[in-house]
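> Predicted model, plus sequence, below.
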Amino acid sequence: MDFKNYIAGQWDVTTDGVENINPSDISDIVGVAAKGGADDIDCAIAAAHQAAPTWAASTPQQRFDALDFIGSEILARKEELGHLLSREEGKTLPEGIGEAARAGQIFKFFAGECLRQTGDHLASVRPGIDVDVTRSPVGVVGLITPWNFPIAIPAWKIAPALAYGNAVILKPAELVPGCAWALVEIISRSGLPEGVVNLVMGRGSEIGPKLVDDARVNAISFTGSVPTGRGIAAACGANLKKVQLEMGGKNPMVVLDDADLDVAVDACLNGAFFSTGQRCTASSRLIVTEGIHDRFVGALAEAAANLKVGHALEAGVQMGPVVDERQLAQDLQYVSIAAQEGGNVLGGERVSRETDGFFMTPALITETTNDMRINREEVFGPVASVIRVKNYEEALSVANDTEFGLSSGICTQSLKYATHFKANAQAGMVMVNLPTAGVDYHVPFGGTKGSSFGSREQGAYAAEFYTSVKTAYTLP
Ligand SMILES: NC(=O)C1=CN([C@@H]2O[C@H](COP(=O)(O)OP(=O)(O)OC[C@H]3O[C@@H](n4cnc5c(N)ncnc54)[C@H](OP(=O)(O)O)[C@@H]3O)[C@@H](O)[C@H]2O)C=CC1
Ligand SMILES: O=C(O)CCC(=O)C(=O)O
């Protein structure tokens, strides 16, 4: 299968190919992806720049029809797309299908947003003058996406960009070209004018800066690592370009003495290890009060040890492989750093299966303190640590003692503590008796502190990034 670039309405045939392998079975080549370079990015930017005014002038009905078509086709083909996603990225098949469905629902939601327009018509403070406050598209938007949600994240950037009248260039992560290609293939048949959506695959370190620095690109939306995000923010700042970043997390899950043990174990198992822990919203610091600590650790350790690890497409598998060799090495290195720092490691070993893939068992590291590296740095794998605390006040203080602020959770049956935590957790998203990961598509997504920068993604709040506000005064 060839995963080609899509530029100015044409599938490109001139670029070199890069083999893309299945992390569950490295003998399985998923496809050969285009390796775009500076010329491809230049052509894509030129195409988007030319197409942007046409799409900005499109009617709400035209926008609704295109997004509704895309959403319907994704939903109709969610099993097939989910299969490709699981084969390429390593999520289990139910997780892959779930993510594909989420992408379809995102397009459906933003199709509706095309028709639910907002604006204000006001009286001026001066007599006889009318004031209109409206939103206009920002123009050309560069979308740089990571490998861990290879359909949902491109969807939650492309759908609002199109709904609010922008043209886009998608630069997906090198590890997941198949999902990006499959999504753009559907988009290419949705009736959009040529050049409104462009796909350029290639090395991020080579073509990413070209996209970010080009003056014809009006805004950049990025999800990925902190260092890359910071570099993009600096470049955008230098050019006064609009930018939105979603980066790492070191998300705390507080478990209080009065928590329902089964609810707490389920929430932590899901939050820490599902999707192989490769979520920026993963629960990586489990902050547990003394009275429940030993019972909780015993039950969670048993549940984690019983998780079936294996080929992402095999029925009954609950945790697929790590995405690639480099990420696996990083995960295992953090497990050994935690052990050297004095943590007690349960699991966290590389395992071999019949197929040669990047498998490891979930790692639960107990007896840790919040100053250890394992509790300060994002691992991005199936690795969670437990921090023992005396009471709620200490739990909240430890939860907030991090440079990140994406998602934060608490398991408790106390309305008093849940209410206080929702108000005082330093995070963009707070979960009560739920995993820190796994969010809805119709409400804002994003964090505080070092996790995020710029306005929120998803839901109606996405309009803030993909539009600029215009205030018009009229003397009739
Ligand atoms: N918050 C999140 O959702 C995610 C966080 N991460 C974190 O990042 C770590 C590394 O993952 P990785 O995939 O390398 O993350 P990166 O931040 O390097 O990659 C994210 C995206 O940025 C692109 N990119 C890379 N360099 C540049 C650049 N200089 N300018 C513009 N775009 C660029 C990548 O392209 P290419 O793939 O071609 O390099 C990819 O599309 C993980 O271990 C994890 O800690 C990773 C993924 C998602
Ligand atoms: O937890 C989720 O549902 C979304 C997580 C996410 O967006 C990410 O890891 O990048």
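Received it, and whenever you're ready, just let me know what you need. Numbers count the residues shown, from 1 in each chain. Ligands and ions are numbered 1, 2, ... in the order given.
> Which residue is the nearest non-sequential neighbour of D214?
Nearest non-adjacent residue to D214, counting by Cβ to Cβ, 6 or more residues apart in numbering: I45, 5.2 Å away. C-beta: built from backbone N, CA, C; applies to glycine.
> for I207, same thing?
Per Cβ to Cβ, 6+ apart, closest to I207 is I41, 4.8 Å.
> Go through stretch 417-435 and flag the buried ones.
417-418, 420-421, 425-431, 433-435 (16 or more other Cβ atoms under 10 Å).
> hmm, I was thinking of stretch 203-222
Of the residues in stretch 203-222, those buried (16+ other Cβ under 10 Å) are 204, 207-208, 210-212, 214, 217-222.
> Report the two of those residues separated the most.
G204 and N218 (20.2 Å; Cβ to Cβ).
> host element of the residue nearest to D214?
Counting by DSSP states H and E, the element that carries I45 is helix 38-56.
> rewinding a little: OK, contacts around the residue nearest to I207?
By Cβ atoms under 8 Å, 6 or more residues apart in numbering, I41 lies in contact with 169, 171, 200, 202, 207, 210-211, 214.
> Distance to ligand 1, secondary structure and pLDDT added to these, as TSV?
As requested, these are arranged in TSV below (distance: Cβ to the nearest ligand atom, whole Å; DSSP: H, G, I helix; E, B strand; the rest coil; pLDDT from 0 to 100):
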residue	distance to ligand 1	secondary structure	pLDDT
I169	12	strand	98
K171	6	strand	98
V200	10	coil	97
G202	7	coil	94
I207	8	helix	97
K210	9	helix	98
L211	7	helix	98
D214	12	coil	98
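> Kindly reformat those residues as a markdown table and extend each row with distance to ligand 2.
Listed next are those as a markdown table, based on distance: Cβ to the nearest ligand atom, whole Å:
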| residue | distance to ligand 2 |
| --- | --- |
| I169 | 20 |
| K171 | 16 |
| V200 | 21 |
| G202 | 21 |
| I207 | 21 |
| K210 | 24 |
| L211 | 20 |
| D214 | 25 |
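> on that earlier part again, the helix holding I45 - what's its average pLDDT?
Mean pLDDT, computed over helix 38-56, is 98.
> can that helix be found next to ligand 1?
No. Judged by Cβ under 6 Å from any ligand atom, helix 38-56 makes no contact with ligand 1; its nearest approach is 10.7 Å.
> where along the stretch 201-350 of the chain do the helices fall?
Using DSSP state H, counting those that start in this stretch, the helices of the stretch 201-350 of the chain run over 204-213, 226-238, 261-273, 290-305, 325-340.
> Would you mind pulling the contact partners of the last one?
What that stands for is helix 325-340. 277-278, 321-322, 345, 348, 350, 358, 360, 363, 365, 368, 372-374, 377, 379-383, 385.
> Show only the entries of these found in strands.
When the contacts of helix 325-340 are checked against strands (DSSP state E), the matches are 345, 350, 360, 363, 365, 368, 383, 385.
> buried subset of those?
Buried among the ones in strands among the contacts of helix 325-340 (16+ other Cβ under 10 Å): 345, 360, 363, 365, 368, 383, 385.
> measure V141 to ligand 1 for me?
Using Cβ to the nearest ligand atom, to the nearest Å, one obtains 14 Å as the distance from V141 to ligand 1.
> residues in contact with that residue?
157, 161, 166-169, 217-221, 466.
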